[in-house]
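>>> Quick one: sequence plus predicted model below, questions after.
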Amino acid sequence: MIKRDDMTFPAGEYERRLNDLRMRIAERHLDAVVISDPANIMYLTDYQTTGYSFFQALVVPLEKEPFMITRALEESNVIARTWVDLTRPYPDTGDAMQMLVDALREFGLANKRIGYERNSYFFPAYHQDVIHTTLKHGKLLDCFGIVEEGRICKSAVEIELMKKAAFATEAGMAAGIDACRVGATENEVGAAISDAMFRAGGEPPAVMPYVTSGPRTMIGHATWEGRVMQDNEHAFLEVGGCYRRYHTAMMRTVILGEMGDSMYRAQQTMKHALREVHSILQPGMTVSDVDNLVRNIISDNDIGARLITRSGYSIGIAFPPSWDEGYMLSLKQGQSTILREGMT
């Protein structure tokens, strides 16, 4: 491990993360893990790139030095950003899977018990088939979630850094609300949000802001398409600020004109739900407990409102196409996961 002082967090934070991962590797009786998820690689090394459509992996042996497999173009990110000293880059004309297999052989792991993220978006079935048919003397085992076990509870330095993402989120939302006016286009509001986020120190988020108006606010995950905002309708804004790939998010509804009675009652219901969450939420509750709390409050209305989604999700490190960590933890019914200190 290269000792350096120019990474997102102090070197000791990465040493802790690596040591904790190795404890989990030992608990699963593995000799090494192949980590291919970009967020997991960044969590462990500070490596980031937008070029993750090409295969990349961090191999962490139980005892020996970790090494990375990357496209040759991306090796500069390993050198410039991370503590990783060993890389095995492959050219655009090369075979990424063959490079991985060759490196596993080179470092004495080809006949060992190797974990890999079977459910990773970034290790497709075709690549997995190649590894299974090529690495004949080793035992390949699914270790999906082994890094996420460490990511799910943020450390003090992570939470402090997320405040910078939150600052960008708030700046973007304030600018978006101010830009919502009769005659403005959704694009103009999106531009105002983006400009404010980036001027506040934010970096490119996993998802650009959601901005819709009028009837389009009822379309899930739609965003700006140039529509002109009209009098006596509302606009929907959802903003995810980002700093060093850590995200925070905020959602608001803007009324362009007079607030109707049903909208007012919906607003009061949501405020009540948020107050209860802030008052009652604590470590030891299950995610189902929290979801039921929110769902029961929202369902108790006479205006036809209902909650059709989960009531919340984990958030932290993210790359496109999503800013959430919902696959790690979501507030939804029927789940017995216990909330712990440091979850965000």
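Done, it's in. Residues are numbered from 1 along each chain as shown.

>>> can you tell me which residues contact Val130?
With contact taken as Cβ atoms under 8 Å, 6 or more residues apart in numbering, Val130 is in contact with Met97. Bear in mind the C-beta positions are built from the backbone N, C-alpha and C, glycine included.

>>> swap in Ile159?
Residues in contact with Ile159 (Cβ under 8 Å, 6+ apart) are Gly342, Thr344.

>>> for the helix or strand where Ile41 lies, the distance to its chain's centre please.
Assessed by DSSP states H and E, Ile41 sits inside helix 38-45. Put simply, helix 38-45 sits 11 Å off its chain's centre (Cα atoms, centre = their mean, to the nearest Å).

>>> Give me the helices and strands touching the following helix or strand past it, please.
Downstream of helix 38-45, the first helix or strand assigned by DSSP H and E is strand 57-61. Here strand 57-61 touches helix 11-27, strand 32-35, helix 38-45, strand 67-71, helix 96-106, going by 3 or more Cβ pairs under 8 Å, 6 or more residues apart in numbering; DSSP states H and E.

>>> can I assume Pro209 is in contact with Gly240?
Yes. With contact defined as Cβ atoms under 8 Å, Pro209 counts as touching Gly240 (7.3 Å).

>>> In the stretch 201-344 of the chain, mark out all the strands, start to finish.
For the stretch 201-344 of the chain, the strands defined by DSSP state E, counting those that start in this stretch cover 210-213, 233-243, 246-256, 312-313, 330-331.

>>> can these go into TSV with extra columns for mean neighbour count, mean pLDDT and distance to His278?
Below are the strands of the stretch 201-344 of the chain laid out as TSV (neighbours: other Cβ atoms under 10 Å; pLDDT from 0 to 100; distance: least, Cβ to Cβ, whole Å):
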stretch	mean neighbour count	mean pLDDT	distance to His278
strand 210-213	25	98	24
strand 233-243	24	97	20
strand 246-256	19	97	15
strand 312-313	18	96	12
strand 330-331	22	96	14
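
>>> looking at those strands, which is closest to Asp324?
strand 312-313 (4.7 Å; Cβ to Cβ).

>>> partners of that closest one in the sheet?
strand 330-331 (antiparallel) (DSSP bridges).

>>> Just give me the neighbour total for Ala110.
If you count neighbours by other Cβ atoms under 10 Å, Ala110 ends up with 17.

>>> and the gap between Leu161 and Arg245?
10 Å (Cβ to Cβ, to the nearest Å).

>>> Comparing these two, which shows the higher neighbour count?
It is Arg245, of Leu161 and Arg245, that has more neighbours when counted by other Cβ under 10 Å, with 23 against 18.

>>> beta partners of the closest residue to Val34 other than its chain neighbours?
The shortest distance from Val34 to any non-neighbouring residue, by Cβ to Cβ, 6 or more residues apart in numbering, is to Tyr116 (4.4 Å). Listed by DSSP bridges, the beta-bridge partners for Tyr116 are Val34, Asp142.

>>> From Arg340, how far off is Tyr116?
27 Å.

>>> neighbour count winner among these two?
Ranked by neighbour count (other Cβ under 10 Å), Tyr116 and Arg340 place Tyr116 first, with 26 against 11.

>>> quick one, what contacts that one?
Val33, Val34, Ser36, Phe123, Gln128, Ile131, Leu140, Leu141, Asp142, Cys143 are the contacts of Tyr116 under Cβ under 8 Å, 6+ apart.

>>> ok, now with 7 Å
By Cβ atoms under 7 Å, 6 or more residues apart in numbering, the residues touching Tyr116 are Val34, Phe123, Leu140, Asp142, Cys143.
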